[in-house]
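Colleague: Structure for this input, please:
(one chain, ligands or ions: 1)
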Amino acid sequence: MALEVIRSIRAMQKIADNLRMSGKHIGVVPTMGYLHDGHASLIHAATTVSDAVIVTLFVNPMQFAANEDLSRYPRDFEKDCRIAEDAGAHFLFAPSVEEMYPKGFATTISIDGITQKFEGVYRPTHFDGVATVVAKLFTATKPHIAVFGQKDYQQTLVIKRLVADLNLDIEIYIQPTIREPEGLAMSSRNVYLSSEQYNQALVISKAITLAMNSVQSGNRNREELNSILRISLLTLENIEIHYAAAANAETLEEPYMFSENDSIVFLVAVKIGSTRLIDNAVWNPN
Ligand code: PAF
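Modeller: Okay, here's the model as predicted:
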């Protein structure tokens, strides 16, 4: 089936109602476009657990602060359509800013706790924008399941919180981060990197691998794990570390020592030149 592009919320809702009435299981993959193999893997995952797959494409102004890269965020609508269709999507929901935030729009969904740390420190309004737009994308597409990438780890926790707190009847699937052959996590923002910066950015996944190896060999001391991350990142001179930290993978708490049963997430955000990159990996006890 050829990909159908939908621009209006009302039209999307009608399609979703009809799909539901004919017994179809709807899967949604929310994106901001400039799709790459990471997105394709999310779309493909959605096809394996739903009958109708909707990719949403909306560069959400509400999750960018004034000093961030909204105006230069990369876009390529034709390519996005091709990638979405090839990966198995049936619908591409691509509303305008005016459609999503018409004059008079005044609602913000704000989630406490897990939003305050890490990304929340550097991007204090970001998760309000994410939670609000994801709730709107859910009411437009009426999915049974929604698929997100582990690449935005803290975002996945925020979305699970949103779904639990608002009793949304939507199952959330998290798919592993897709990496370039050299280890860099795929991201639409990688396009900002020069080839020199691309090579420098490989330090991120290397640092995380070292910390993963250390926890695997029994180290549960958070400060030591954090030092492993920082020391390896700082082998790069022009890096600006926003955070490089081990935390409880479910709560983002940062105990002095992790317990034997804790799942641990290593979270990294750095700036290389003017490009901000994030990455993470989760270590599970068994
Ligand atoms: O992860 C993203 O691309 C965005 O934060 C999302 C979930 C599509 C909301 O705009």
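Colleague: hey, C-alpha coordinates of the helix of greatest length in the chain in CSV?
Modeller: Using DSSP state H, we find that the single longest helix of the chain is helix 195-216. C-alpha atoms of helix 195-216 as CSV (Å, rounded to 0.1, in the frame of the first residue of the first chain):
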residue,chain,number,x,y,z
SER,A,195,34.1,14.7,9.2
GLU,A,196,36.7,15.6,11.8
GLN,A,197,34.0,16.2,14.5
TYR,A,198,32.3,12.9,13.4
ASN,A,199,35.5,11.1,14.2
GLN,A,200,35.9,13.0,17.5
ALA,A,201,32.3,12.1,18.5
LEU,A,202,33.3,8.4,18.5
VAL,A,203,34.7,9.0,21.9
ILE,A,204,31.1,9.0,23.3
SER,A,205,30.3,5.4,22.5
LYS,A,206,33.8,4.4,23.5
ALA,A,207,33.4,6.0,27.0
ILE,A,208,30.1,4.3,27.5
THR,A,209,31.6,0.9,26.5
LEU,A,210,34.4,1.3,29.1
ALA,A,211,31.8,2.1,31.8
MET,A,212,29.7,-0.8,30.8
ASN,A,213,32.7,-3.1,31.0
SER,A,214,33.5,-1.8,34.4
VAL,A,215,30.0,-2.5,35.8
GLN,A,216,30.1,-5.9,34.1
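Colleague: Pull out the buried positions in it.
Modeller: Buried positions in helix 195-216, judged by neighbour count with 16 or more other Cβ atoms under 10 Å: 197-198, 200-201, 203-205, 207-208, 211-212, 214-215. For every residue, glycine as well, the C-beta is placed using N, CA and C.
Colleague: With stretch 100-110 instead?
Modeller: Within stretch 100-110, the residues that count as buried by 16+ other Cβ under 10 Å are 100-101, 109.
Colleague: Any idea how far apart the tips of that stretch sit?
Modeller: Criterion Cα to Cα, to the nearest Å; first-to-last residue distance in stretch 100-110 is 18 Å.
Colleague: can you list contacts of it?
Modeller: By Cβ atoms under 8 Å, 6 or more residues apart in numbering, the surrounding residues in contact with stretch 100-110 are 9, 58, 60-62, 128, 131-133, 135-136, 162.
Colleague: immediately after the longest helix of the chain, which helix or strand?
Modeller: Counting by DSSP states H and E, the next helix or strand C-terminal to helix 195-216 is helix 222-233.
Colleague: If anything else comes up later, I'll come back, but that's it for now.
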